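[1] I would like the atomic coordinates for the input below:
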Amino acid sequence: MKKMLLASLFISTASIVAAQADNMPAPVIGIVEQATLDKSAAFQDIIKQVDQKRAEVQKEMASYEKELKDKDKQLKENPKKLSEKELAEQRQAFEKRVQAAQEKLEIRRAQMELGVEDAKKKVFEAFLKAAEEVMKEANANVILYKETVVTANNSFDLTPKVLDKLNKNLPKVKVSFKSEEEVKKQLMQQLPQAQR
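    Model (predicted):
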């Protein structure tokens, strides 16, 4: 009796799945390279902005480095001219300045990372929209990454059309670098409770 119930349940389930499959459209597939994002004008613009910001940060850090090297040299040359108390105070002030420079560098790195992350999200969203538009224009109902397909006829490759549409829809993206205070606040939120 149980076997008959299981068999009828299996047949019912199979017929429901088959009926649903009959209602589904035949797949019309397009493929797109994942590298389309990297090749886009907006992504190239992001790289340019980040390179500019990196150069600014390197210049800023070079000035800190020069200042700290000069101060360290001065402390090494003047130990006999200063009392132990004065030397200890200057050494402590120097260590605080080193720590401040390291914190500043971490904030600058975080500013760049957060800015790039936000800008990349905008490019990815525009990429998805462009891919969807091209998919409709090509009467396709599925788009796969080319890298996941073993082999396909070149006529399935929609990469040039998606890249063209992406570049038209989003030629540039402004990378917004958050203020130091915003970054500090965000970094503090990311710290585990125990470290606060």
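[2] I'd assumed Ala42 was in contact with Val173.
    Yes: using CB atoms under 8 Å, Val173 is in contact with Ala42, at 4.6 Å. All C-beta spots, glycine's among them, are computed from the backbone N, C-alpha and C.
[3] identify the contacts common to the two.
    Ala119, Lys122, Val123 (CB atoms under 8 Å, 6 or more residues apart in numbering).
[4] so which helix or strand takes in the second one?
    What it means is Lys122. Using DSSP states H and E, Lys122 sits in helix 84-137.
[5] check which helices and strands that helix is in contact with.
    strand 29-32, helix 36-39, helix 41-77, strand 142-145, helix 159-169, helix 180-190 (3 or more CB pairs under 8 Å, 6 or more residues apart in numbering; DSSP states H and E).
[6] wait, what's in contact with Lys184?
    Going by CB under 8 Å, 6+ apart, Lys184 touches Ile107.
[7] and Asp157, by the same measure?
    Asp157 sits next to Gly30, Ile31, Val32, Glu33, Lys146 when contact means CB under 8 Å, 6+ apart.
[8] the third one bridge partners, please.
    Beta-bridge pairing of Val32 under DSSP bridges involves Tyr145.
[9] that one touches Pro160, doesn't it?
    No: between Val32 and Pro160 there is no contact under CB under 8 Å: 9.6 Å.
[10] these two - which one has more neighbours?
    A direct count of neighbours by other CB atoms under 10 Å for Val32 and Pro160 places Val32 higher, at 25 against 12.
[11] what's near enough to touch the more buried one?
    Val32 sits next to Ala131, Ile143, Leu144, Tyr145, Lys146, Asp157, Leu158, Thr159, Val162 when contact means CB under 8 Å, 6+ apart.
[12] ok, Val142 next?
    Contacts of Val142 (CB under 8 Å, 6+ apart): Pro27, Val28, Ile29, Gly30, Met135.
[13] buried by neighbour count, from the residues you listed: which ones?
    Gly30, Met135 (16 or more other CB atoms under 10 Å).
[14] and the helix holding Lys122, how far out from the chain middle?
    11 Å (CA atoms, centre = their mean, to the nearest Å).
[15] measure the residue nearest to the spatial centre of the chain to Gln186 for me?
    Among the residues of the chain, the one closest to the centroid is Glu117, at 3.5 Å (CA atoms, centre = their mean). Glu117 sits 11 Å away from Gln186, going by CB to CB, to the nearest Å.
[16] show me the shaky parts of the chain.
    1-22, 79-80, 191-196 (pLDDT under 70).
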